[in-house]
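Engineer: could you work out the structure for the sequence below:
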Amino acid sequence: KVLKVRDLKTEFVSKLTCISGTVTRTNQVRPELMQGKFQCLDCQTPSDMIEQQFKYTEPVKCRNAACQNTRRWLLLVGESKFCDWQKVRIQENSEE
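Structural biologist: Alright, predicted model coming up:
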């Protein structure tokens, strides 16, 4: 089923949906960090995967009980999970 832009409601969030409209603007495709794996810069201990929720989130404390680091982290890009995202602006077609 093809929806009109005005019929796109919250019930369709996180669902693949087909809409009819005219694209008026697009941004570049960019990577977004979904789950980050970090390494402590003091003792080199890797962290568990840290879920990212709308902002860049580092571990609170190093997993190594002998280490007191709470601020110095290196993101392990190769072991982290990313997704591509793009902002697209769409307007209703004039005939709808």
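Engineer: how about the strand of greatest length in the chain: buried residues?
Structural biologist: Longest strand in the chain, counting residues (DSSP state E): strand 30-36. Residues of strand 30-36 classed as buried: 33, 36 (neighbour count, 16 or more other CB atoms under 10 Å). Quick note: C-beta positions are derived from backbone N, CA and C, even for glycine.
Engineer: pLDDT on that strand, on average?
Structural biologist: Taken as a whole, strand 30-36 carries a mean pLDDT of 95.
Engineer: contacts for the helix or strand following that strand next, please.
Structural biologist: Remark: after strand 30-36, the chain's next helix or strand is strand 38-40, criterion DSSP states H and E. For strand 38-40, the surrounding residues in contact (CB atoms under 8 Å, 6 or more residues apart in numbering) are 45-47, 50, 58-59, 62-64, 67, 69, 72-76.
Engineer: same question for stretch 85-96.
Structural biologist: Residues from elsewhere that reach stretch 85-96, judged by CB under 8 Å, 6+ apart: 4-6, 19-32.
Engineer: CA atoms only: put it into PDB for me.
Structural biologist: Taking C-alpha atoms only, stretch 85-96 is exported to PDB below (Å, rounded to 0.1, in the frame of the first residue of the first chain):
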ATOM      1  CA  TRP A  85      21.500   7.400   7.600                       C
ATOM      2  CA  GLN A  86      20.300  10.200   5.400                       C
ATOM      3  CA  LYS A  87      17.900  13.100   6.000                       C
ATOM      4  CA  VAL A  88      15.400  13.400   3.100                       C
ATOM      5  CA  ARG A  89      12.800  16.200   3.000                       C
ATOM      6  CA  ILE A  90       9.600  15.200   1.200                       C
ATOM      7  CA  GLN A  91       6.400  17.200   0.400                       C
ATOM      8  CA  GLU A  92       3.000  16.000  -0.700                       C
ATOM      9  CA  ASN A  93       2.400  15.800  -4.500                       C
ATOM     10  CA  SER A  94       0.200  18.600  -5.700                       C
ATOM     11  CA  GLU A  95      -2.400  16.200  -7.200                       C
ATOM     12  CA  GLU A  96      -3.000  14.400  -3.800                       C
END
